[in-house]
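Visitor: Give the three-dimensional model of this entry:
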Amino acid sequence: QVQLVESGGGLVQAGGSLRLSCVASGRTFSRYAMGWFRQAPGKEHEFVAGISWSGGGTYYADSVKGRFTISRDNAKNTAYLQMNNLKPEDTAVYYCAADRDLIATDRSYPWGQGTQVTVSS
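Guide: From the prediction side, this is the model:
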């Protein structure tokens, strides 16, 4: 099991960009698929993006396609979420997740502290 720590959130105006980072502990990071989820106030966790262990496969929620990019650097035990053209509806706490298989879009994972993203209009 890997331990995950998210960072990089903040307050940004609509149309702006942020890059989130997720640092994993342990030496088996490259064996895990990684993903990003988010939770807006009063809502359930929502899948945002996933990436395979090698980085060769990525997939996204329809709401972020073309604006967000997930990537990973296995040498740094880090996964990233580049968020461009942010919208107020992207406001949420963002969490990362790890899975030995592909990230399941409808699964509940052990959530860390997350990182707050707030987009002002």
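
Visitor: Spatially central residue in the protein, please.
Guide: W36 (2.5 Å; C-alpha atoms, centre = their mean).

Visitor: helix, strand or coil for W111?
Guide: Of the three states, W111 takes coil under DSSP: H, G, I helix; E, B strand; the rest coil.

Visitor: which residues does the nearest residue to Q3 once chain neighbours are set aside contact?
Guide: In space, and not counting its chain neighbours, Q3 is closest to S25: 4.2 Å by C-beta to C-beta, 6 or more residues apart in numbering. Bear in mind the C-beta positions are built from the backbone N, C-alpha and C, glycine included. By C-beta atoms under 8 Å, 6 or more residues apart in numbering, the residues touching S25 are 2-4, 77.

Visitor: What about the residues you listed, which are in strands?
Guide: L4 (DSSP state E).

Visitor: Out of the contacts of S25, grab the one that's most surrounded.
Guide: For the contacts of S25, the largest neighbour count, defined by other C-beta atoms under 10 Å, is 24 neighbours, found at L4.

Visitor: tell me the pLDDT at that one?
Guide: The confidence metric pLDDT takes the value 96 at L4.

Visitor: State the distance from it to A97.
Guide: From L4 over to A97 the distance is 7 Å, taken as C-beta to C-beta, to the nearest Å.

Visitor: Over to C22?
Guide: Distance from C22 to A97, by C-beta to C-beta: 9 Å.

Visitor: Quick check: pLDDT value at the residue nearest to Q3.
Guide: For S25, pLDDT reads 93.

Visitor: got it, and the one 4 residues further on?
Guide: In the predicted model, F29 carries a pLDDT score of 91.

Visitor: Now it. Nearest residue, chain neighbours left out?
Guide: Take F29 and drop its neighbours on the chain: the residue closest to it by C-beta to C-beta, 6+ apart is N77, 4.3 Å away.

Visitor: That neighbour reaches A24, doesn't it?
Guide: Yes - contact criterion C-beta atoms under 8 Å: N77 and A24 qualify, at 4.7 Å.
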